[in-house]
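**Student:** Just a sequence and a predicted model for now, questions to come.
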Amino acid sequence: MHWLFGDQLGPHFLTRGAAGPAVDEPLLMIEARSVFRRRRFHRAKAHLVLSAMRHRAAELGDRVTYLRADTYREALARVATGPSLTVHHPTSYAALRLVRSLPQVEIGPARGFLVPMEDFAAWADGQGGDHLRQETFYRWVRRGHGLLMDGDAPVGGHWNYDHDNRRPPPRKETALPVGAPYRPREDEIDEQVRHDLDQWEKKGDVSFVGRDGPRLFPATRTEALRALNRFIEHRLAAFGPYEDAMLAADPVMSHSLLSSSLNLGLLDPAECVEAAEAAWRDGTAPLNSVEGFIRQIAGWREYVWQVYWHFGEDYRRSNVLRHSAPLPEWWNALDADDVRARCLHTVMAQVRDTGWTHHIPRLMVLGSYALQQGWDPAALTDWFHRCFVDGYDWVMVPNVVGMSQYADGGRMTTKPYTSGGAYVHRMSDLCGPCVYRPGDRVGETACPYTRGYWAFIDRHRALLEHNHRMRQPVRGLDRLPDLTELRHEQQADDGGPP
Ligand code: FAD
């Protein structure tokens, strides 16, 4: 019997290796309610995961034994798995521990990523140290997979088009002029999922955060392929220039919205990057946009997956900055309405309503605020994991602990990602009508990000002055005429919504 976890739903999880033989034995899927009981997930995330699993089970028909149980172990005790149970490498340490503890389980290679773990380990060994860099890794993947390559050189002569891809949003526009993203239509399986979630909640079995609403992300391979095709044909061309920009009334801009489909295993990253490269070769999308998108998948996504395993299970407990404050209740409850800072209010409302925002709101609005406030990085990782439709342990730990909270002291990134309000102002239309002013550090109208930024640099000066990318801001501290006042105001912050 072959076991499919809930994030192993595409056809590539039904072959033995990259090009190996098909899995032809009976299949097992388990819907374990304890997963939802342990943590307060976003309602939209619980809906998407259950809907995707049940759609897959419906497609597989008689081939699959679909068990609903309290725990995985309880389900496994109920089923005759035959002489052996096979499974592809799971995506979290907890799930790996579980399958390793079972008798006669054969664990196959991980699927759904471009680089085998052993190849990454060999590459990382060759980097001569623990401080790995995504850019170096990404170029190695490009070469290895012949992605956007012209012999041994990158097509167009450059590896990186970041200088074309970091534009502020077009001024006067409230939305990017691009085609709408694909949105699925719900069916009777979704109706049943919604009914079940309502019942569980009514019984007091589980509780959710966030609002329920129409399912916005693909639950089947067919839907995911439609989303990929719509993106490649109508939206990829505009992806690059504004990928770091934010517009209050256009949360999606030209982002692909493919993360949940990739992470559920409905899409394989290879088909996404190949489709993007084909669009450039056909002349339907410019190189800067195509390179920017391929970098996200073959660079960042792949790197994050590899780092999760390479740095080991204790990596999640990194806390170099010794941040330990608990997350406040308004944050845990996604209570956007009490937040006056327009950027945080807007982004938190997006998360509350959909379980998704794009990368820059995650990094420079949500993550940056938590870093400035000194919140516990492990608690924040858990929050992101629960509240985002695409959140899984492997992707949240490096993104939050490493990239967003600098809790690993720079093993994954070269500097902490945080900024004052000036960055948000430059890259969005969020600050204009805000009650706070991005340029004010102290006083009634001080932007919480601007004050928080300087307070963060001040608090961690001893560590940051040794980082060459942070030396300038650290020097800037000495030129602040109002540092004492700023410290008092930051200390007086009661942790309530800004
Ligand atoms: P696009 O902007 O269209 O990018 C294309 C694809 O690239 C994404 O679908 C995603 O698969 C991949 N990608 C890009 N950056 C990353 C990255 N840093 N890590 C992993 N994949 C990446 N992504 C998740 O898939 N799940 C998460 O739980 C998650 N948590 C994050 C938490 C924080 C604090 C930050 C800063 C980033 C996080 N990301 C996460 C990465 C990124 O924000 C999302 O992948 C992206 O916003 C998803 O939207 P999209 O599909 O429209 O992405």
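**Tutor:** Great, that's in hand.

**Student:** make it CA atoms for all contacts and neighbour counts henceforth
**Tutor:** Noted.

**Student:** tell me which parts of the stretch 351-498 of the chain are close to the ligand?
**Tutor:** Within the stretch 351-498 of the chain, the positions near the ligand by CA under 6 Å from any ligand atom are 358-359, 362-363, 367, 385, 390-392, 395-396, 399-400, 404.

**Student:** now those: which count as buried?
**Tutor:** Neighbour counting by 16 or more other CA atoms under 10 Å classes 358, 362-363, 367, 385, 390-392, 395-396, 399-400, 404 among these as buried.

**Student:** if we take the residues of the stretch 351-498 of the chain next to the ligand, which one ends up nearest to residue 221?
**Tutor:** Using CA to CA, the shortest approach to residue 221 within those belongs to residue 390, at 15.8 Å.

**Student:** Can you report how many residues neighbour the closest residue in space to the closest one that isn't next to it in sequence?
**Tutor:** Of all residues not flanking residue 390 in the chain, residue 260 sits nearest, at 4.3 Å (CA to CA, 6 or more residues apart in numbering). Other residues within reach of residue 260, judged by other CA atoms under 10 Å, total 24.

**Student:** Return the residues in contact with residue 260.
**Tutor:** 217-218, 389-391 (CA atoms under 8 Å, 6 or more residues apart in numbering).

**Student:** Restrict the strand or helix carrying it to CA atoms and write it as PDB.
**Tutor:** Counting by DSSP states H and E, the element that carries residue 260 is helix 259-263. Output in PDB follows, covering the C-alpha atoms of helix 259-263 (Å, rounded to 0.1, in the frame of the first residue of the first chain):
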ATOM      1  CA  SER A 259       2.100  28.800  -3.800                       C
ATOM      2  CA  SER A 260      -0.800  26.800  -2.300                       C
ATOM      3  CA  SER A 261      -1.000  24.600  -5.400                       C
ATOM      4  CA  LEU A 262       2.700  24.000  -5.400                       C
ATOM      5  CA  ASN A 263       2.700  23.200  -1.700                       C
END
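
**Student:** quick one, what contacts the closest residue to residue 393 other than its chain neighbours?
**Tutor:** Closest residue to residue 393 in three dimensions, ignoring its sequence neighbours and counting by CA to CA, 6+ apart: residue 92, at 5.9 Å. The neighbours of residue 92, taking CA under 8 Å, 6+ apart as the test, are 392-394.

**Student:** If we only consider those, which is nearest to residue 106?
**Tutor:** The shortest separation between residue 106 and any of the contacts of residue 92 is 21.3 Å, and it belongs to residue 394 (by CA to CA).

**Student:** how about that closest one, phi and psi?
**Tutor:** Backbone geometry at residue 394, expressed as degrees, to the nearest 10, gives phi -60, psi -30.

**Student:** Hmm, it is touching residue 303, no?
**Tutor:** No. Using CA atoms under 8 Å, residue 394 is not in contact with residue 303, being 10.8 Å away.

**Student:** Can you pull out the low-pLDDT segments for the chain?
**Tutor:** Scanning the chain for pLDDT under 70 picks out the ranges 17-21, 129-130.

**Student:** can you list the domain ranges for it.
**Tutor:** With automatic domain parsing serving as the domain definition, the record reports that the chain contains domains spanning 2-108, 117-182+218-310, 316-491.

**Student:** excluding its backbone neighbours, what's nearest residue 249?
**Tutor:** Taking CA to CA, 6+ apart, and ignoring the residues beside it in sequence, residue 249 has residue 174 as its nearest neighbour in space, at 6.0 Å.

**Student:** how about residue 32, phi and psi?
**Tutor:** With angles defined as degrees, to the nearest 10, residue 32 sits at phi -100, psi 120.

**Student:** repeat for residue 86
**Tutor:** Note on residue 86: its backbone torsions stand at phi -110, psi 150 [degrees, to the nearest 10].

**Student:** Contacts only, for it.
**Tutor:** Residue 86 is in contact with 1-3, 105-108, counting by CA under 8 Å, 6+ apart.

**Student:** ok, which residues in this structure are in contact with the ligand?
**Tutor:** On the criterion CA under 6 Å from any ligand atom, the ligand has as its neighbours in the chain the residues 255-259, 293, 296-297, 300-301, 304, 358-359, 362-363, 367, 385, 390-392, 395-396, 399-400, 404.

**Student:** Return the subset of those lying in strands.
**Tutor:** Secondary structure defined by DSSP state E assigns none of those to strands.

**Student:** Turn the buried ones among the residues of the stretch 351-498 of the chain next to the ligand into a markdown table, columns for distance to residue 223.
**Tutor:** As requested, those are arranged in a markdown table below (distance: CA to CA, whole Å):
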| residue | distance to residue 223 |
| --- | --- |
| 358 | 20 |
| 362 | 25 |
| 363 | 28 |
| 367 | 31 |
| 385 | 24 |
| 390 | 16 |
| 391 | 20 |
| 392 | 21 |
| 395 | 23 |
| 396 | 25 |
| 399 | 27 |
| 400 | 29 |
| 404 | 31 |
